[in-house]
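In: Sequence and predicted model, in that order:
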Amino acid sequence: MGDETDVLLGSRIPISIVAILTNVTSLIIVFTSTSLHTNGFIRNILSLCVSDLLTAVFVIPISLIYHGSVSINRGSEVCNAWSRLAYCNRALSCFILVTMCIFCLVSKLHNNRRIKLRVYKMIEVALVIIPWLFVLVAYVPLFLIEQNNTKSGDDFAEQLCFFTNTNYQFPLTVIFLVFPPCLLILTIIVMHVMYKVMQRKSEHPQEPDTETEVDGRLRMFTIGTWLVSLMTICCWIPFIIVMILLLFCRSSTSSIASCYPSLHAIDTTYTISLVPSTLTPLCWLCIRAFRVRASLMTSCVTQACRCGQSINCTNCTHCQKSTTGDDINALTEY
């Protein structure tokens with residue numbers, strides 16, 4: 001079991017490295033294109049990339065540092081830092097995905113002329129700010145009220161100190177672990193129902209072959225958001241189930257204390273829950289503008305030798321010629 005645990009802990013290192021590479025690449029792709037980083041939906045993608053980078057740069061390394069500690073007392077401060085970062089960061093990612101779903105719904109209403117442009121722009125900016133503001137104002141203070149009163153002697157204490165805190169109660173578990181993904185699932189359901197209602201009320205429902213360019217981009221935004229959301233939920237659910245089971249066992253009498261999940265189960269489900277940080281940027285390739293920009297940058301880098309060893313796409317004749325009129329249209333602002 002020790003070897004399996006070491007393998008799982010070791011697998012978090014490549015997860016962290018790949019997450020950094022994919023998310024930094026996504027940030028570069030967006031920031032080097034004016035038409036992309038001025039797009040409201042893409043700004044939410046930037047927020048999600050930053051959230052995933054926090055996971056890769058801080059949460060995963062701190063968890064590895066803590067798991068390397070022999071004594072729970074010596075590692076309690078590191079554990080507190082890890083747990084607070086991990087669960088606030090996880091909630092942030094969920095809330096960003098919720099706002100992305102809301103953005104798609106609001107954009108649909110705007111396209112149907114049910115929301116004025118000025119109101120739409122205000123909502124667009126607010127949806128980027130709200131997840132960060134909510135986590136800072138509502139989530140972080142909840143963690144600060146918890147004191148470092150960790151029980152020693154538990155077998156799982158060295159692995160998950162946060163759940164050995166004697167002040168930790170079930171309501172906070174609901175808030176930290178269950179509420180964000182449940183809110184995301186509810187938002188997706190409401191979004192799907194609203195889409196169906198608007199489609200039925202539309203006098204001229206758009207068929208895939210006759211949809212406008214704006215509707216096509218919005219459809220890609222929606223598909224990308226749902227894809228990332230479903231992947232995130234599927235990867236997080238096993239860990240959430242194990243954590244809730246752990247808390248119930250912790251609150252139970254000693255006669256049924258054998259229901260504690262194993263450390264291997266905790267490590268496995270937690271490692272799986274980190275996977276979305278690496279795969280999320282790849283899911284945005286379903287958005288044509290994002291895919292075209294990524295392809296253009298790849299072409300510029302791979303063909304640098306033809307451009308006088310320059311990877312500046314604005315000075316690269318080969319790269320400029322490889323961009324078609326359709327690609328330019330794909331990079332226009334939504």
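Out: Yes, it's here. Numbering: from 1, shown residues only.
In: The closest residue to residue 282 other than its chain neighbours: how many residues sit nearby?
Out: Excluding the flanking residues, the one nearest residue 282 by Cβ to Cβ, 6 or more residues apart in numbering is residue 22, at 6.6 Å. Backbone N, C-alpha and C define where each C-beta goes, glycine included. Residue 22 is flanked by 20 other residues according to other Cβ atoms under 10 Å.
In: Which secondary structure element is home to residue 22?
Out: helix 2-31 (DSSP states H and E).
In: Could I get the buried residue list for the next helix or strand after that helix?
Out: For helix 2-31, the following helix or strand on the C-terminal side (DSSP H and E) is helix 34-37. Across helix 34-37, burial judged by 16 or more other Cβ atoms under 10 Å covers 35-36.
In: What is helix 34-37 packed up against?
Out: In terms of contacts (3 or more Cβ pairs under 8 Å, 6 or more residues apart in numbering; DSSP states H and E), helix 34-37 is packed against helix 2-31, helix 40-54, helix 288-302.
In: For those, give me TSV that also has distance to residue 238 and mean pLDDT.
Out: Output for those, formatted as TSV (distance: least, Cβ to Cβ, whole Å; pLDDT from 0 to 100):
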stretch	distance to residue 238	mean pLDDT
helix 2-31	13	83
helix 40-54	19	92
helix 288-302	30	82
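In: which one of the ones you listed lies closest to residue 272?
Out: Among the helices and strands packed on helix 34-37, the nearest to residue 272 by Cβ to Cβ is helix 2-31 (9.6 Å).
In: Counting neighbours, what do you get for residue 23?
Out: 25.
In: What's the separation between it and residue 125?
Out: Distance, residue 23 to residue 125, by Cβ to Cβ, to the nearest Å: 23 Å.
In: count of neighbours near the closest residue in space to residue 117 that isn't next to it in sequence?
Out: Nearest residue to residue 117, sequence neighbours excluded (Cβ to Cβ, 6+ apart): residue 110, at 7.3 Å. The burial count assigned to residue 110 is 19, neighbours taken as other Cβ under 10 Å.
In: do the one 4 residues further on as well
Out: Neighbourhood size, residue 114 [other Cβ under 10 Å]: 11.
In: Just to confirm, what's the three-state secondary structure of it?
Out: coil (DSSP: H, G, I helix; E, B strand; the rest coil).
In: Just the residues contacting the helix or strand harbouring residue 280, thanks.
Out: Assessed by DSSP H and E, residue 280 sits inside helix 276-283. Here helix 276-283 makes contact (Cβ atoms under 8 Å, 6 or more residues apart in numbering) with 15, 18-19, 22-23, 25-26, 48-49, 52, 55-56, 93, 224, 227-228, 231-232, 235-236.
In: swap in stretch 120-130?
Out: 40, 43-44, 47, 95, 99-100, 102-103, 106-107, 110, 115.
In: quick one: which of those is most hemmed in?
Out: residue 100 (29 neighbours).
In: quick one: what helix or strand has that one in it?
Out: Assigned by DSSP H and E, residue 100 falls in helix 76-111.
In: between the next helix or strand after that helix and helix 76-111, what angle do the directions make?
Out: Next in sequence after helix 76-111, counting helices and strands by DSSP H and E, comes helix 117-134. Counting by axes from the mean of the first three to the mean of the last three Cα atoms, to 10 degrees, helix 117-134 points 170 degrees away from the direction of helix 76-111.
In: Would you mind writing the CA trace of helix 117-134 as CSV?
Out: Extracted in CSV, the C-alpha atoms of helix 117-134 (Å, rounded to 0.1, in the frame of the first residue of the first chain):
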residue,chain,number,x,y,z
LEU,A,117,-26.6,46.0,-25.1
ARG,A,118,-25.7,48.3,-22.2
VAL,A,119,-27.2,45.9,-19.6
TYR,A,120,-25.5,42.9,-21.4
LYS,A,121,-22.1,44.6,-21.1
MET,A,122,-22.6,45.3,-17.4
ILE,A,123,-23.5,41.7,-16.8
GLU,A,124,-20.5,40.6,-18.8
VAL,A,125,-18.1,42.5,-16.5
ALA,A,126,-19.9,41.5,-13.3
LEU,A,127,-19.8,37.7,-14.2
VAL,A,128,-15.9,37.9,-14.4
ILE,A,129,-15.6,39.6,-11.0
ILE,A,130,-18.3,37.9,-8.9
PRO,A,131,-16.6,34.4,-8.4
TRP,A,132,-13.4,36.0,-7.1
LEU,A,133,-15.3,38.5,-4.9
PHE,A,134,-17.6,35.8,-3.5
